[in-house]
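**Student:** Structure for the following, please:
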Amino acid sequence: MKIRCDREKFLAAYQTVSSVVPARSPKPILQNVKLDVDADKAVLTATDLEIGVRFEVPGVEVDAAGSAVLQASRFGSILREMSDATLEIEADAHGTTVRGQRSRFSLPGEDPREFPAVAAFTEQQYHVVAARVLRELIRRTVFATDAESTRYALGGVLFEIESDKITAVGTDGRRLARMQGAAQAVGEPSYAAEAMPIVPAKAMHFMERALVSESGDVSLAATANSVLLKGERITIFSRLVEGRFPKWRDVFPRQEQGAKIPVVIGTFHGAVRQSAIVTDDDSRGVDFSFNDGKVTLTGRAPKWGESHVELPIPYDGPAVSITLDPRYLVDFLRVLDQEKTFTLEVRGAESAAVCSTDDGYGYVIMPLARDHG
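**Tutor:** Below you'll find the model as predicted:
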């Protein structure tokens, strides 16, 4: 195998792929990245057996086809530290050689045939969704999952896939985030309501990072135990989370009698962060009191003191109060455009607060008891 490549483009692809490589593994072969070269392209592959990625590297000239296994961290260091615009990479049975204009590295090699295969995207029934939409679906829901829960389903994002849209839902049992985005079916994909895919949070974070460079559409397909995502050059495989996802629609309360208050995101975000300064793990709640055209935020902890923050809001209804964990509000607010507004629905101290935007995003926070426990 022998190629010439643009170092920066190869490095960018390599960094994306190598982020899947496990730091430790009972299978040492997994701590490598595989490079496959055929007559006209080079593909980097990595997997930890739960997540797999294939990336077709741009800017590569192929002199000879073949495969090589590259030690993830050291090969990455070589790519980062060399300053050459173009590199030559050559591999044979003895190992891999990387050459620049004034430097050369020779690395031992392993048998490429021992590297596990990573699934390619060969599905005929799938959905097409804009990459930016999928990134937003992930970004606005994955933070609400709970990887530490004994209920495994809470450690992933549910994808409810319909003919013309995808609804993503994440929850840890104390708050729930739901985001909808447009999608288009290709073929006739169908998913039973009880078998909608739950994608692990780890895979969701990786997909979000990997799709940053994607500007067009991506293809998404789910099987009984895995999900496949394909962009222009990248293909991502992930096993699914086992378990039953909560009936999330039951979490959204009917709030016909509640107050619906439009709030500017940025100023409210700042007020919540201020009020949380004096809270701690034992006294983490902040009281939100809505009355007379303002919201008053009060936080307190015996060890740290008390905060009192007032913010004008367009509300002149009856007084209403609720105690919320400010961390959950900050998580929601930080994924939004700070210049825009959202609607906050509150009914009282014992009812959930519901936050919503005009682009299909909903977020539910369960209230805390008045003792802030």
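**Student:** rest of the way, CA atoms for contacts and neighbours
**Tutor:** Fine.
**Student:** Now do the strands in the stretch 51-200 of the chain.
**Tutor:** 51-56, 60-64, 66-71, 86-92, 95-99, 104-108, 126-130, 156-161, 165-171, 175-182, 184-186, 198-200 (DSSP state E, counting those that start in this stretch).
**Student:** what's the closest of these to Thr343?
**Tutor:** Closest to Thr343 of those is strand 175-182 (CA to CA; 14.5 Å).
**Student:** got the buried residues for that closest one?
**Tutor:** Residues of strand 175-182 classed as buried under the neighbour-count rule (16 or more other CA atoms under 10 Å) are Arg175, Leu176, Ala177, Arg178, Met179, Gln180, Gly181.
**Student:** strands paired with that strand, and their directions?
**Tutor:** Using DSSP bridges, the strands paired with strand 175-182 are strand 165-171 (antiparallel), strand 361-365 (antiparallel).
**Student:** Let's see that strand as PDB, backbone CA atoms only.
**Tutor:** Presented in PDB, the C-alpha positions along strand 175-182 are these (Å, rounded to 0.1, in the frame of the first residue of the first chain):
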ATOM      1  CA  ARG A 175     -36.400  16.400  33.200                       C
ATOM      2  CA  LEU A 176     -37.200  15.600  29.600                       C
ATOM      3  CA  ALA A 177     -36.100  17.200  26.300                       C
ATOM      4  CA  ARG A 178     -38.000  16.700  23.000                       C
ATOM      5  CA  MET A 179     -37.000  18.000  19.600                       C
ATOM      6  CA  GLN A 180     -38.700  17.500  16.200                       C
ATOM      7  CA  GLY A 181     -37.100  17.800  12.800                       C
ATOM      8  CA  ALA A 182     -38.200  17.300   9.200                       C
END
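**Student:** orientation of that strand relative to strand 126-130 in degrees?
**Tutor:** Angle, strand 175-182 to strand 126-130, by axes from the mean of the first three to the mean of the last three CA atoms, to 10 degrees: 100 degrees.
**Student:** Name the SS class of the residue nearest the centre of the chain, please.
**Tutor:** The structure's the chain has its C-alpha centroid closest to His205; by CA atoms, centre = their mean the separation is 3.0 Å. What DSSP: H, G, I helix; E, B strand; the rest coil gives for His205 is helix.
**Student:** Look up how far Lys27 lies from it.
**Tutor:** 24 Å (CA to CA, to the nearest Å).
**Student:** got the strands paired with strand 175-182 as CSV, with mean neighbour count columns?
**Tutor:** Shown next, in CSV, are these (neighbours: other CA atoms under 10 Å):
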stretch, mean neighbour count
strand 165-171, 24
strand 361-365, 23
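**Student:** Of the ones you listed, which is nearest Trp304?
**Tutor:** strand 361-365 (25.0 Å).
**Student:** Can you name the residues in contact with the closest one?
**Tutor:** Strand 361-365 is touched from outside by 140, 174-180, 251-252, 324, 328-329, 332, 352-356, with contacts defined as CA atoms under 8 Å, 6 or more residues apart in numbering.
**Student:** one step back: how about the strands of the stretch 51-200 of the chain in TSV, adding distance to Thr16?
**Tutor:** As requested, the strands of the stretch 51-200 of the chain are exported to TSV (distance: least, CA to CA, whole Å):
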stretch	distance to Thr16
strand 51-56	8
strand 60-64	17
strand 66-71	14
strand 86-92	19
strand 95-99	20
strand 104-108	21
strand 126-130	20
strand 156-161	21
strand 165-171	24
strand 175-182	25
strand 184-186	27
strand 198-200	18
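**Student:** If the residue nearest to Tyr191 when sequence neighbours are not counted is in a bridge, with which residues?
**Tutor:** Distances taken as CA to CA, 6 or more residues apart in numbering put Ile161 closest to Tyr191, at 7.1 Å, once the chain neighbours are dropped. Bridge pairing for Ile161 (DSSP bridges) gives the partners Ile166.
**Student:** going forward can the numbers begin at 287, since that is how I track them
**Tutor:** All right, first residue 287 from here; so that's Ile447.
**Student:** Ile447 - how many residues pack around it?
**Tutor:** For Ile447, the neighbour count with other CA atoms under 10 Å is 25.
**Student:** mind listing what it touches?
**Tutor:** Residues near Ile447 by CA under 8 Å, 6+ apart: Thr453, Tyr477, Met482.
**Student:** Kindly report the same for Gln470.
**Tutor:** Here Gln470 is in contact with His413, Val414, Val415, Ser449, Asp450, Lys451 (criterion: CA under 8 Å, 6+ apart).
**Student:** now swap in Gln410 and tell me
**Tutor:** Here Gln410 is in contact with Val472, Gly473 (criterion: CA under 8 Å, 6+ apart).
**Student:** repeat that with 6 Å
**Tutor:** Contacts here follow CA atoms under 6 Å, 6 or more residues apart in numbering; on that basis Gln410 touches nothing.
**Student:** quick one, what contacts Lys626?
**Tutor:** Val550, Ile551.
**Student:** What distance do you get for it to Leu514?
**Tutor:** Distance from Lys626 to Leu514, by CA to CA: 34 Å.
**Student:** How about Pro475?
**Tutor:** Using CA to CA, Pro475 is found at 13 Å from Leu514.
**Student:** For the two, work out which one has more neighbours and name it.
**Tutor:** Each of Pro475 and Leu514 has its neighbours counted (other CA under 10 Å); Leu514 has more, 22 against 16.
**Student:** I figured the more buried one was touching Ile520, is that so?
**Tutor:** No - taking contacts as CA atoms under 6 Å, Leu514 lies outside contact range of Ile520: 10.6 Å.
**Student:** and Lys589, how many neighbours?
**Tutor:** Counted with other CA under 10 Å, Lys589 comes out at 11.
**Student:** Please tell me the pLDDT value assigned to it.
**Tutor:** Lys589 carries a pLDDT value of 87.
**Student:** Output the below-cut-off pLDDT ranges for the stretch 487-636 of the chain.
**Tutor:** 540-543 (pLDDT under 70).
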